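1. Quick one, fold the following:
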Amino acid sequence: MKIPRIKKNVIFLAALLIIIIAVIGIFLIMKPAIPGMHPHAFDKKEQAEKLSGIGTAAGVLSLPMNEPLVADFSAAPVESYLTRTLQFVDTSRGNPTSWAWDFGDNTSSVQHYPVHTYSQDGIYNVTLTVSASDGYRKSVTRTNILSSGESALHEVLVDTLRIGTVKKGSSITFISGNDASTVRMNGEAQILPNGSVVMLRVNSDSDGLITLRHGELQAFSFPDVTLFVNGKQVAQGQSGDCVLPGYRNYHASVTFSIVPTKGEVRQILLDGQKIRAGEENSHITILYDTSDTSHDLTAITQPAYYDGPASGFTLSTSLIATMTVLSPLQGNAPYTVSFRDDSAGSPESWHWDFGDGTISYDQNPVHVYPVPGSYRVQLIVKKGDQTDSYTLLKPIVSLPPMVVANFTARPTRGPAPLNVHFTDLSTGAPQNWNWGFGTNATPASSTAQNPEVLFTEPGTYTIWLSVNNIYGSNDMIKTKYITITDPYRFPDTPILVKTGKMGYVEKDSSIRFTVEDTPASISINGGSRQIPKGSVVSITALSDQTGEIYVHDGKLLKFSFPDMALSIDGDLVAAGPIDSIYIPYMKDFDTAISYYLPPDSAWTLITMDNYKVLSDLDNAWIRISNLGMDPQGSLSLTASANSTYISGAVNQTVYDWVIV
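-> This is a model prediction of the structure:
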């Protein structure tokens, strides 16, 4: 049988194919066991692809059917002495199917976990673009990748009584180096198979702790953490203790922030040197961004404590608004409240909102709440471009005012007819008053706040006052409060009064006379008037006041008072102080002068018709009305700040002097 001849070119191609297959087989057999030194060292293994059943927590997770595509990666030196050779570890989520790396030095790769060596030091920005099976793509870029996490590490110790937080997005990534590696999630240990790419990411600003001892990550405990293994989310929730017998390509990016308050900062040390301690109002931020696990680390958020390496540390004074209420938090309306600004950071302006629609720009305002209610107070302070606000935790409560009736009267005792002035002393902002005085009083009742009442009949009178507002009412009854006695009248008896008491001519007291001949003049309010013969002159006191009267031999020589009204022939012509008066000829002199000596302790002498009726240190009130000239045409009255002198008067009525 004749064997067909094979062409030489076919034989050559077949031999070449056999040689290529043999070389590939030898390469696979001789492949180095140390991962991380070659581009394919971190290709996915079949074992790592089957992580859907890792631990018991993954089986109960409610994961979305279509996890969103998120591009992410980390980078770390392959060895500490190969600082330009970096292992890039893809940590993307959402099941990407292809990867495109741009290393920032005009080189690229499509491998999953590439190793790249930079030819020289420099600033390189690396971009990873991942694609899903449907062609959807996402990218992420990291800057200055060559020095990321490896420059200017410092040892930091911050010990405070403040609250700290680990900021959202803080994360730790590594490649598990042992099948016994675990991390506790929601109380269950999640197995991290050897060769798995692991990321623990904090999902929100959280309190918790991080512990790194002798290169071993022992705890990453926070309430809201997502665990990714080979880019797949396998657990979410409370993280805890870590058991990592071996891991590599560790990279941490954690921001530890201490809340700016007026709480105590016990000490701050930077590379062993104390830089600040005591009360502070500072922003304190510590950045832990490193691939170096040679340092121990303790980070606790409440109270904030950090002891370990840091690639960044900032300490800056903060503006913190706060206030002190110097008054009780509640009181009866209208309620006055004093506020004091206790803000830290030396604010330059203040804006107070008192919660009732009113504001103030004072640093330490005083505010009145006229309407009952509950009010939240807010303070906003500013300094430069800083602004901070503080709202009082408990409201200011302005209570409905409790109205309480009370009153007084002057005088409370005297001879009939007695005019009594009542003064309302009620508290709680009353809006209505109802008085009752008795049937023999004029008026018998009143709705005025401070009424005048005339008592014409002797006896004792019980006074009743009722007050109210929209929040309630209250009554006060003073039994037998007013006592009215019979007057003593001495129409023809001269009287002499000497006392150290300050008395005064009462309002509405008056004199009236007819000018019989001229010259006659009166100087009032700075102007002098000549009074024609036959003029009827009336002078009336417009208020209670002190002054002097001197009438001798029927001539009016002095009538000096500061607040008088002058009428001539029934017409008011002037009002004000009377400086001087001269009426040498007059007739029909008539008076309605009432003089009052209020209760006071002073020596007093009173005689009537040269008979001593009172001579003692006493606190009696005395009223003398209808003072007039004696038969010789004389009347003297001098009332000053500390004495009273009256002589020569007749036709007066002396009301009972009573010890009160």
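
2. Low-confidence regions, the protein specifically.
-> For the chain, the stretches with pLDDT under 70 are 1-66, 79-82, 147-152, 262, 276-279, 487-493, 601, 608-611, 613-620, 648-660.

3. which stretches of the protein form helices?
-> Ranges of helices in the chain, per DSSP state H, are 8-29, 46-49.

4. Gln330 reaches Pro400, doesn't it?
-> No: contact criterion Cβ atoms under 8 Å: Gln330 and Pro400 do not qualify, at 11.2 Å. All C-beta spots, glycine's among them, are computed from the backbone N, C-alpha and C.

5. For the top strand by length along the chain, report the contacting residues that lie outside it.
-> Using DSSP state E to assign secondary structure, the strand with the most residues in the chain is strand 472-485. The contact list for strand 472-485, computed with Cβ atoms under 8 Å, 6 or more residues apart in numbering, reads 400, 402-407, 409, 412-416, 418, 420, 426, 428, 437, 455, 457-468, 656, 658.

6. Can you select the buried ones among those for me in ChimeraX?
-> Burial among the contacts of strand 472-485 is assessed by 16 or more other Cβ atoms under 10 Å; the matching ChimeraX selection reads:
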select :400,403,405,407,409,412,413,414,415,416,418,420,426,428,437,455,461,463,464,465,466,467,468,656,658
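
7. Domains in the protein, by residue range?
-> Following automatic domain parsing, the chain resolves into domains at 51-147, 154-317, 329-398, 407-485, 490-659.

8. Export those domains as JSON lines, with columns for distance to Met323.
-> Converted to JSON lines, those look like this (distance: least, Cβ to Cβ, whole Å):
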{"stretch": "domain 51-147", "distance to Met323": "44"}
{"stretch": "domain 154-317", "distance to Met323": "12"}
{"stretch": "domain 329-398", "distance to Met323": "5"}
{"stretch": "domain 407-485", "distance to Met323": "28"}
{"stretch": "domain 490-659", "distance to Met323": "49"}
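
9. just these: most buried one?
-> domain 154-317 (a mean of 19; mean count of other Cβ atoms under 10 Å).

10. How far does that one stretch from one end to the other?
-> 21 Å (Cα to Cα, to the nearest Å).

11. show me what contacts the closest residue to Arg93 other than its chain neighbours?
-> Nearest residue to Arg93, sequence neighbours excluded (Cβ to Cβ, 6 or more residues apart in numbering): Val70, at 4.5 Å. By Cβ under 8 Å, 6+ apart, Val70 lies in contact with 92-94, 138.

12. Widest-spaced pair of the residues you listed?
-> Largest separation among the contacts of Val70 by Cβ to Cβ: Arg93 and Lys138, giving 9.8 Å.

13. what's the overlap in contacts for the two?
-> Contacts common to Arg93 and Lys138, judged by Cβ under 8 Å, 6+ apart, are 69-70.

14. and the gap between the closest residue to Gly331 other than its chain neighbours and Ile477?
-> The shortest distance from Gly331 to any non-neighbouring residue, by Cβ to Cβ, 6+ apart, is to Leu399 (6.5 Å). Going from Leu399 to Ile477 by Cβ to Cβ, to the nearest Å gives 26 Å.

15. repeat for Leu379
-> From Leu379 to Ile477 the distance is 48 Å (Cβ to Cβ).

16. what do you get for Pro458?
-> Pro458 is 22 Å from Ile477, by Cβ to Cβ.

17. ditto for Gly195
-> Going from Gly195 to Ile477 by Cβ to Cβ gives 97 Å.

18. wait, doesn't Met323 sit right on Phe339?
-> Yes: using Cβ under 8 Å, Met323 makes contact with Phe339 at a distance of 5.7 Å.

19. Find the residues that touch each one of the two.
-> Here Met323 and Phe339 have 377, 379 as joint contacts, going by Cβ under 8 Å, 6+ apart.

20. Distance-wise, check Thr83 relative to Ser311.
-> From Thr83 over to Ser311 (counting by Cβ to Cβ), the distance is 15 Å.

21. Actually, Asn642.
-> Using Cβ to Cβ, Asn642 is found at 87 Å from Ser311.

22. same thing with Val404?
-> 70 Å.

23. repeat for Gln238
-> 28 Å.

24. try Ser509
-> According to Cβ to Cβ, Ser509 stands 96 Å off from Ser311.

25. How about Ser196?
-> 26 Å.

26. go on, Asn281?
-> 25 Å.

27. Return the residues in contact with Tyr361.
-> Applying Cβ under 8 Å, 6+ apart, one finds that Tyr361 lies in contact with 349-352.

28. Over to Ser594?
-> Shown in contact with Ser594 (Cβ under 8 Å, 6+ apart): 505-506, 508-509, 623-627.

29. Turn the residues you listed into TSV, including distance to Asn525.
-> As requested, the contacts of Ser594 are exported to TSV (distance: Cβ to Cβ, whole Å):
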residue	distance to Asn525
Val505	18
Glu506	21
Asp508	19
Ser509	19
Arg623	29
Ile624	28
Ser625	27
Asn626	28
Leu627	25
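
30. wait, which of those residues is closest to Lys612?
-> For the contacts of Ser594, the minimum distance to Lys612 (Cβ to Cβ) is 16.3 Å, reached by Ile624.

31. Can you tell me the closest non-neighbouring residue to the closest one?
-> Nearest in space to Ile624, with sequence neighbours left out and distances taken as Cβ to Cβ, 6+ apart, is Tyr595 at 4.8 Å.

32. The one you found contacts Asn626, doesn't it?
-> No: at 10.1 Å, Tyr595 does not count as touching Asn626 under the criterion of Cβ under 8 Å.

33. who touches both of those two?
-> Contact criterion Cβ under 8 Å, 6+ apart; residues shared by Tyr595 and Asn626: none found.

34. Look up the residues forming beta bridges with the residue lying closest to Glu452 once chain neighbours are set aside.
-> Closest residue to Glu452 apart from its sequence neighbours, by Cβ to Cβ, 6+ apart: His421 at 5.6 Å. Beta-bridge partners for His421, by DSSP bridges, are Arg410, Glu452.

35. do the same with Thr336
-> Val368.

36. cool, and Met185?
-> Following DSSP bridges, Met185 is listed with bridge partners Glu188, Ser239.

37. right, and Thr442 touches Glu452 too?
-> No: applying Cβ under 8 Å as the test, Thr442 and Glu452 come out as separate, 9.6 Å apart.

38. what is the residue nearest to Ile624 paired to in the beta sheet?
-> In beta-bridge terms (that is, DSSP bridges), Tyr595 pairs with Val505, Ile624.

39. And for Asp159?
-> According to DSSP bridges, beta-bridge pairing links Asp159 with Gln267, Tyr305.

40. Alright, I will stop here.
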